[in-house]
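Chemist: The following comprises the amino acid sequence and a computationally predicted model.
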Amino acid sequence: MRWALRSESDRILDPSCGDGEFLCCHDYAVGCELDPQHAATARKRAPAALVHGGDFFTWADETQERFEAIVGNPPFIRYQGFAGSIRERALRQAKNFGANLSGLTSSWAPFIAASAQLLKIGGRAAFIVPAEIGHASYAVPLIEALCRSFGAVTIVAIREKIFPSLSEDAWILYATDYGDSCDGIQLIQWDRFLAGEPAPYGGTHVSLDRLRNVRGRIRRWLLPKEILNIYESFEDSDTVERLGSLASVSIGYVSGANDFFHLRPSDARRAKIDAHFLQPAVRRGASLPPAKSLVNSQVQKWLANDDPVLLLRLDKSETTLPVAVRRYLDSAAGIEARKSYKCRARDPWYAVPDVTIPDGFLTVMSGKSPQIIRNSAYCAGTNSVHVVKAKKPGSFRAIQERFATDLTRLSCELEGHPLGGGMLKLEPREAQRLLLPGTDALAEVENAREALLHGIRIMRNWRGCA
């Protein structure tokens, strides 16, 4: 908070003050808090502060008060839980600030956009923010709007957790000189945050143009300049391709009721369901073998263990179903399954869509590096894995070989994103942007091996993976 204050008389705002952690540090403070119990605690801890109970965005629409500084730790609520009229109001206020945020935006971003509009000219803002500001696509319009409204925008990346008890990593957003503008951000790296640290200064300048070109992936600038230059030279090379140009990557099928649609062999025998209607499937990424290929012997192990890996695969064009299948659909479990959202939304409810037999599977989450595995067993895949289909027949093995290079492993770190607990996640759009070197680039990749490996270690260290 000291970063945002210039004098003891500054009026500060915490738009989501919780139990008053920031408010009790300054006499001239205003807070908003939706939770009544937290608001009551804040009033006790900071008796000199003015604490408004209720929705911040409603209050922000009505207040005429303006502040010298805004500080806080806005709530991190993913879009699924950030809904209804509050979200509509929040996104409208963010748009008024110039940040056109999508409906998939987490709550912290509109909190910052709405708060900034309550500053006086020359005001400052200091926020603890989720580390996803370093990779989330919806952070880009927010950062652009901040740069149009502040003379300086600084993001402090912090490697060690600010809140050790939480899986979520946090960084700091610091903006000064409200009413001015700048052409980009300053990125500063700290190993840890210590109380009493002076306001951040300097760092790596990242222009808005460069930020837009990489879809807001600020995390790449955590690399030393010389390693990032090497990586970007491969990005610009004609001998390096994106995975998306070689294969399609998408999530597997969504059944809507996994426990019902995936049968154990013993369940299928008991229900007398013919093998014609049962498709072996990869239920979860952890079940994939460490080898390069998923083979029939692995599937036979699943079946011998009586694992629930047999998908009830019914085509919606089949109007006449066997008695055994119909009996299973009309069982108590089937009646319950058809109530789920996905099942209710499709016709007929029992026909699971988008079931395909891909060339291979790509792990969604990984500790070290994502794996791409050939589908020699002709299994389908649920949405716990990505399904990969080569665009040229017979080219999947070559894709696998190129995927195993150090360049692609570093690309996974830069195009994917940390999920907490040291895990790396790849969304389909992220996976399609992975760099794969061609044959003509392999010698260059080998020559750069030491730098690429160093880059991989740095990025793994940042996501907490040893």
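Modeler: Perfect, thanks for sending it. Residues are numbered from 1 along each chain as shown.
Chemist: so who does Phe111 touch?
Modeler: 15-16, 56, 72, 74-75, 90 (CB atoms under 8 Å, 6 or more residues apart in numbering). Quick note: C-beta positions are derived from backbone N, CA and C, even for glycine.
Chemist: can you give me the mean pLDDT across the stretch of helix or strand it belongs to?
Modeler: Phe111 is part of helix 108-116, with elements assigned from DSSP states H and E. Averaging pLDDT along helix 108-116 gives 93.
Chemist: coming back round to it: which one of the contacts of Phe111 sits closest to Lys120?
Modeler: Lowest distance from Lys120 to the contacts of Phe111 (CB to CB) belongs to Pro15, with 15.7 Å.
Chemist: For that closest one, grab phi and psi.
Modeler: phi -70, psi -20 (degrees, to the nearest 10).
Chemist: same check, this time on Leu426
Modeler: Per degrees, to the nearest 10, the backbone of Leu426 is at phi -120, psi 120.
Chemist: Assess the claim that it and Glu413 are in contact.
Modeler: No. Contact criterion CB atoms under 8 Å: Leu426 and Glu413 do not qualify, at 10.3 Å.
Chemist: More neighbours: those two, which one.
Modeler: Legend: neighbour count by other CB atoms under 10 Å for Leu426 and Glu413, higher for Glu413 (25 against 22).
Chemist: does the more buried one sit in a helix, a strand or a coil?
Modeler: helix (DSSP: H, G, I helix; E, B strand; the rest coil).
Chemist: Could you tell me what pLDDT the model assigned to it?
Modeler: 97.
Chemist: do you know how far it is from Ala448?
Modeler: Separation of Glu413 from Ala448 (CB to CB, to the nearest Å): 15 Å.
Chemist: ok, back up a step: quick one: the contacts of Phe111 as JSON lines, columns for pLDDT and secondary structure too.
Modeler: Output for the contacts of Phe111, formatted as JSON lines (pLDDT from 0 to 100; DSSP: H, G, I helix; E, B strand; the rest coil):
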{"residue": "Pro15", "pLDDT": "93", "secondary structure": "coil"}
{"residue": "Ser16", "pLDDT": "92", "secondary structure": "coil"}
{"residue": "Phe56", "pLDDT": "92", "secondary structure": "helix"}
{"residue": "Gly72", "pLDDT": "91", "secondary structure": "strand"}
{"residue": "Pro74", "pLDDT": "81", "secondary structure": "coil"}
{"residue": "Pro75", "pLDDT": "75", "secondary structure": "coil"}
{"residue": "Ala90", "pLDDT": "90", "secondary structure": "helix"}
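Chemist: farthest-separated two in those?
Modeler: Gly72 and Ala90 (14.7 Å).
Chemist: So for those two, which residue has more residues nearby?
Modeler: Set Gly72 next to Ala90 and count neighbours by other CB under 10 Å: Gly72 wins out with 29 against 23.
Chemist: Test of understanding: give the bridge partners of that one.
Modeler: Beta-bridge pairing for Gly72 (DSSP bridges): Phe127.
Chemist: That one contacts Cys17, doesn't it?
Modeler: Yes. Contact criterion CB under 8 Å: Gly72 and Cys17 qualify, at 7.0 Å.
Chemist: quick one: buried residues of stretch 414-422?
Modeler: For stretch 414-422, a neighbour-count test (16 or more other CB atoms under 10 Å) marks 414-419, 422 as buried.
Chemist: Ser149: which of those is nearest?
Modeler: When those are compared against Ser149 (criterion: CB to CB), the nearest one is His417, at 26.6 Å.
Chemist: Now do the contacts for the closest residue to that closest one other than its chain neighbours.
Modeler: Excluding the flanking residues, the one nearest His417 by CB to CB, 6 or more residues apart in numbering is His135, at 4.2 Å. Taking CB under 8 Å, 6+ apart, we find His135 in contact with 216-219, 417-418.
Chemist: Next: Arg6.
Modeler: 68-69, 124 are the contacts of Arg6 under CB under 8 Å, 6+ apart.
Chemist: List buried residues within the residues you listed.
Modeler: 68-69, 124.
Chemist: Just send these back as a markdown table, with secondary structure, pLDDT and distance to Gln279 too.
Modeler: Output for the buried ones among the contacts of Arg6, formatted as a markdown table (DSSP: H, G, I helix; E, B strand; the rest coil; pLDDT from 0 to 100; distance: CB to CB, whole Å):
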| residue | secondary structure | pLDDT | distance to Gln279 |
| --- | --- | --- | --- |
| Glu68 | strand | 96 | 64 |
| Ala69 | strand | 96 | 60 |
| Arg124 | strand | 96 | 59 |
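Chemist: any chance of these in a markdown table, with distance to Ile143 too?
Modeler: Below are the buried ones among the contacts of Arg6 laid out as a markdown table (distance: CB to CB, whole Å):
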| residue | distance to Ile143 |
| --- | --- |
| Glu68 | 23 |
| Ala69 | 20 |
| Arg124 | 17 |
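Chemist: Among those, pick out the one closest to Asp35, please.
Modeler: Ala69 (23.5 Å).
Chemist: which residues touch the host helix or strand of Gln279?
Modeler: Using DSSP H and E, Gln279 maps to strand 278-282. Contacts to strand 278-282, defined as CB under 8 Å, 6+ apart, come from residues 252, 262-263, 268, 288, 294, 299, 302-303, 309-313, 355, 361, 377-382, 384-385.
Chemist: Show me the shaky parts of the stretch 1-150 of the chain.
Modeler: 1, 76-83 (pLDDT under 70).
Chemist: residue ranges for the helices of it, please.
Modeler: 36-45, 56-62, 84-96, 108-116, 139-149 (DSSP state H, counting those that start in this stretch).
Chemist: Which one, of those helices, ends up nearest to Phe193?
Modeler: helix 108-116 (17.5 Å).
Chemist: Work out the gap between the closest one and the centre of the chain.
Modeler: Mean-position distance between helix 108-116 and its chain equals 19 Å (CA atoms, centre = their mean, to the nearest Å).
Chemist: how many degrees apart are that helix and helix 139-149 in direction?
Modeler: 20 degrees (axes from the mean of the first three to the mean of the last three CA atoms, to 10 degrees).
Chemist: got the angle for helix 108-116 vs helix 84-96?
Modeler: Our comparison of helix 108-116 with helix 84-96, counting by the same axes, to 10 degrees, yields an angle of 60 degrees.
Chemist: can you redo the helices of the stretch 1-150 of the chain as a markdown table with distance to Arg11?
Modeler: Formatted as a markdown table, the helices of the stretch 1-150 of the chain follow (distance: least, CB to CB, whole Å):
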| stretch | distance to Arg11 |
| --- | --- |
| helix 36-45 | 17 |
| helix 56-62 | 15 |
| helix 84-96 | 20 |
| helix 108-116 | 13 |
| helix 139-149 | 19 |
